[in-house]
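# Predicted structure and sequence below. I'll ask about it afterward.
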Amino acid sequence: MPFHSKKTLEHWVAEFIESRGAGDEVRVAVQDGSDGADTGLVLVPLEHAPNAVYIEPTGEADDLSWSVSIEPHDQTLVLSSFELNALTHELLIAAELCAYLQEKSLGHYEPDGAPDPTGTSASAG
């Protein structure tokens, strides 16, 4: 799975929030990678649904795929049209952030776990 440190993800999320003017509640949590490295996990809290939503890279090696996961909830969700519209907006932010993170990942490399939140490749040059 592609490696992105918590620090790098926090920087990218802050850039997204600043440029988009939305997503202020998005947070990056500590997630231990398979080798013990801090890979970060992007959490997108929903105000209009009880489900947990998170974004993470899902590819292997050079595959730069990112995905949004929405965890199930044990109750039926009943919403008014206004609440459903608000939930749709929250999910749109998650989708846009997922695409943004995938774009930022292109050509980004963090050798030996050294974060480079600027998105420039450490191997370039």
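Cool, got the structure. Residues are numbered from 1 along each chain as shown.
# From here on, just use CA atoms for contacts and neighbour counts.
Will do.
# what's around P72, how many residues?
P72 is surrounded by 10 other residues when neighbours are defined as other CA atoms under 10 Å.
# Assumed it was part of a strand.
No - assignment of P72 by DSSP: H, G, I helix; E, B strand; the rest coil gives coil, placing it outside any strand.
# Over to it: give its phi and psi.
phi -70, psi 160 (degrees, to the nearest 10).
# check contacts around the nearest residue to it once chain neighbours are set aside.
Excluding its sequence neighbours, the residue lying closest to P72 (CA to CA, 6 or more residues apart in numbering) is N51, at 6.2 Å. The neighbours of N51, taking CA atoms under 8 Å, 6 or more residues apart in numbering as the test, are I70, E71, P72, H73.
# wait, what's in contact with the first one?
When the contact criterion is CA under 8 Å, 6+ apart, the partners of I70 are N51, A52, V53, Y54.
# so where do the strands sit in this structure?
Taking DSSP state E as the test, the strands found in the chain are 27-29, 41-43, 53-57, 66-70.
# Let me have those in a markdown table, extended by distance to A86.
Rendered in a markdown table, the data for the strands of the chain read as follows (distance: least, CA to CA, whole Å):
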| stretch | distance to A86 |
| --- | --- |
| strand 27-29 | 19 |
| strand 41-43 | 18 |
| strand 53-57 | 15 |
| strand 66-70 | 16 |
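# H89 is nearest to which of those strands?
For H89, the closest of the strands of the chain is strand 53-57, at 13.7 Å, according to CA to CA.
# In the sheet, which strands lie alongside the closest one, parallel or antiparallel?
Each strand paired with strand 53-57, and its direction, by DSSP bridges: strand 41-43 (antiparallel), strand 66-70 (antiparallel).
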